[in-house]
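A.B. asks: let's see this in three dimensions:
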Amino acid sequence: MSEIYFIDTTLRDGQQSLWALGMKTGAMLPIAAQMDRIGFESMEFFVSIMLKKYVREHKENPWVWLREGTKHFRRTRLRNHGGMHGSGAMEKLPHAAMRLFVERVVFYGITLTRTSNCWNDFEEMRDEVTELRDIGMETVVNLIYSVSPRHTDDYYAKKVREAASIRPYRICFKDVGGLLTPERARTLIPAILKNAGDTPVEYHAHCNNGLAPLCYLEAVKLGINALHTSIPPLANGSSQPSILNVARNLRALGYTPVVNDEEVKPVEDHFTAVAKSEGLAIGKPFAYDESQYLHQVPGGVISNLRHQLKLVGKQDRLQATLEEAARVRADFGYPIMVTPLSQFVVSQAAINVIVGERYKEVTDQVIQYALGIWGREAPGLMEPNVKDKILSRGRAKDWENWRPRDLSLREVRAKFGGASDEELLLRVYAGTDAVNALANEGAPRPQLDGKQPLLRLLEELSKKKDCNQIVIRKPGLTLTLKKAPDTAAMQ
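C.D. replies: Have a look, this model is predicted:
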């Protein structure tokens with residue numbers, strides 16, 4: 001097949017990887033209709049963590065983005081991200097609340113999601129995929145790539161058969177660390193495609209190590225025809241490859257990328273202006289870094305680690321902590337370095353380095369890991385002496401027979417309140433105090449507001465740095481405002 005299709009990640013993983021979901025609704029809505037014209041097969045559009053981020057930090061109601069943003073897409077199928085549990089959840093929320101979240105997303109017409117199990121444990125995902133289907137949501141299940149002695153081609157052949165057996169909409173080969181090399185792709189991707197049977201496979205990679213654009217080309221040569229890309233400046237860096245770069249190279253190889261490049265340019269210009277205005281990062285290609293294969297700590301986790309070490313005056317121990325993270329990961333049985341497992345590994349590595357003795361102190365999450373609370377495979381994979389040292393302490397007895405109590409929807413309503421289902425979910429995910437602090441019901445802050453007096457509207461227009469002339473025309477009247485050549489004043 002010569003046609004190659006694209007899943008756009010700009011509004012979700014692109015801005016989550018590079019801007020920590022720092023883009024407000026008012027920056028996304030004006031360009032949404034333009035993005036719909038590009039020709040994407042589908043687009044990642046929403047994720048449950050936005051409920052917390054937008055309420056707490058942006059002081060916005062994220063349901064506004066879902067309600068208003070979806071109105072601008074008529075050609076592109078939109079995706080939620082995270083299935084029933086969200087994006088790499090670090091906390092166990094009531095199942096009833098997570099189901100209600102999916103029901104609200106489906107209400108707005110989003111009927112496709114992509115989700116993971118951090119152990120590639122697809123039997124654990126079977127009930128989730130079935131329940132999502134019953135609600136009206138089809139599921140793309142992630143097959144997460146990792147590098148370790150146990151993550152062999154045979155391991156992935158077995159796992160992809162397990163993934164196909166639960167009958168997802170698709171399987172997504174996901175390289176969250178950007179660790180795949182073109183050489184490994186030549187043996188691994190054929191094994192995945194062969195064992196996927198009639199289940200389609202798409203490919204999602206981050207550019208952490210500079211290799212993802214090359215691996216995309218290898219993947220297409222080997223038979224994959226659906227790729228995850230982003231639009232600059234929300235491409236490259238720790239995000240996905242640029243659709244412009246990938247499409248250009250695919251054409252050079254004789255393939256037909258299904259994308260309208262001319263429609264991409266206004267979107268690139270818009271988000272570049274947002275980045276400059278808000279002081280946000282411009283995604284740039286990373287250089288290859290061999291050390292990434294030693295610790296495999298995701299870039300976002302490294303950034304947070306650096307910040308936390310600085311707070312305790314231990315910023316000089318970053319390299320030692322990363323080296324210790326590689327040893328801890330081996331002790332833990334080589335878990336895939338994704339949320340929440342990567343955070344467990346790195347936190348324990350930092351404690352080992354700061355305390356000066358390995359596993360003298362451990363976090364509750366590490367005890368839970370050793371008990372199998374964060375994955376049934378974990379206890380059997382751990383180095384026995386390390387596991388015994390972790391579970392020999394009194395605190396382990398507190399967790400040994402603990403199981404989280406799951407609230408019913410009635411109990412969730414009684415605990416959190418809320419005038420509507422959407423407000424209830426905001427309170428569950430973001431907290432009651434944060435929701436109560438929302439002004440104007442969380443509507444996006446006006447930028448150019450047509451309800452303002454004309455003089456005020458012109459004043460706001462005059463502040464735009466990319467605007468040198470304003471012309472207002474109506475029958476019998478033409479008003480022209482120009483910036484003077486030697487001043488910033490309007491004449």
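A.B. asks: which secondary structure element of the protein has the lowest mean pLDDT?
C.D. replies: Across the helices and strands of the chain, mean confidence by mean pLDDT, DSSP states H and E is lowest for helix 454-462: a mean of 57.
A.B. asks: would you mind pulling the contact partners of stretch 272-279?
C.D. replies: 22-23, 27, 232-233, 280-282, 466 (Cβ atoms under 8 Å, 6 or more residues apart in numbering). Every C-beta, even on glycine, is put in place using the N, C-alpha and C of the backbone.
A.B. asks: compute the number of surrounding residues for residue 274.
C.D. replies: 22 (other Cβ atoms under 10 Å).
A.B. asks: are we agreed that it is in a strand?
C.D. replies: No. Counting by DSSP: H, G, I helix; E, B strand; the rest coil, one finds residue 274 to be helix, located in no strand.
A.B. asks: what's the per-residue pLDDT of it here?
C.D. replies: Model confidence at residue 274, given as pLDDT, is 96.
A.B. asks: so it versus residue 30, what's the distance?
C.D. replies: According to Cβ to Cβ, to the nearest Å, residue 274 stands 10 Å off from residue 30.
A.B. asks: what of residue 277?
C.D. replies: 13 Å.
A.B. asks: picking up where we left off before, from the contacts of stretch 272-279, which has minimum pLDDT?
C.D. replies: Among the contacts of stretch 272-279, residue 466 has the weakest pLDDT, 64.
A.B. asks: spell out the secondary structure type for residue 425.
C.D. replies: Relying on three-state DSSP, one would call residue 425 helix.
A.B. asks: show me this protein divided up by domain.
C.D. replies: For the chain, automatic domain parsing gives the domain ranges 3-278, 295-400, 448-491.
A.B. asks: deepest-packed of those domains, please.
C.D. replies: domain 3-278 (a mean of 20; mean count of other Cβ atoms under 10 Å).
A.B. asks: so how far is that one off the chain centroid?
C.D. replies: With Cα atoms, centre = their mean, to the nearest Å as the basis, domain 3-278 stands 8 Å off its chain's centre.
A.B. asks: ok, now stretch 305-318?
C.D. replies: 25 Å.
A.B. asks: and the spatially closest residue to residue 185 that is not a sequence neighbour, how far from residue 145?
C.D. replies: What sits nearest to residue 185 in space, not counting adjacent residues and going by Cβ to Cβ, 6 or more residues apart in numbering, is residue 218, at 4.4 Å. Distance check for residue 218 against residue 145: by Cβ to Cβ, it reads 14 Å.
A.B. asks: again, but for residue 57
C.D. replies: 31 Å.
A.B. asks: ok, now residue 393?
C.D. replies: Taking Cβ to Cβ, one finds residue 393 at 34 Å from residue 145.
A.B. asks: now do residue 176
C.D. replies: Residue 176 is 7 Å from residue 145, by Cβ to Cβ.
A.B. asks: next one: residue 438
C.D. replies: For residue 438 relative to residue 145 (Cβ to Cβ), the value is 40 Å.
A.B. asks: coming back round to it: nearest to residue 413, out of the domains of the chain?
C.D. replies: Residue 413 sits nearest to domain 3-278 of all the domains of the chain, at 9.2 Å, using Cβ to Cβ.
A.B. asks: can you get me the start-to-end distance on that closest one?
C.D. replies: Chord length of domain 3-278, first to last residue, is 37 Å (Cα to Cα, to the nearest Å).
A.B. asks: residue boundaries of the helices in the stretch 251-400 of the chain?
C.D. replies: All helices of the stretch 251-400 of the chain, identified by DSSP state H, counting those that start in this stretch, fall at 261-278, 292-295, 299-311, 318-331, 341-355, 364-371, 378-381, 384-391, 394-400.
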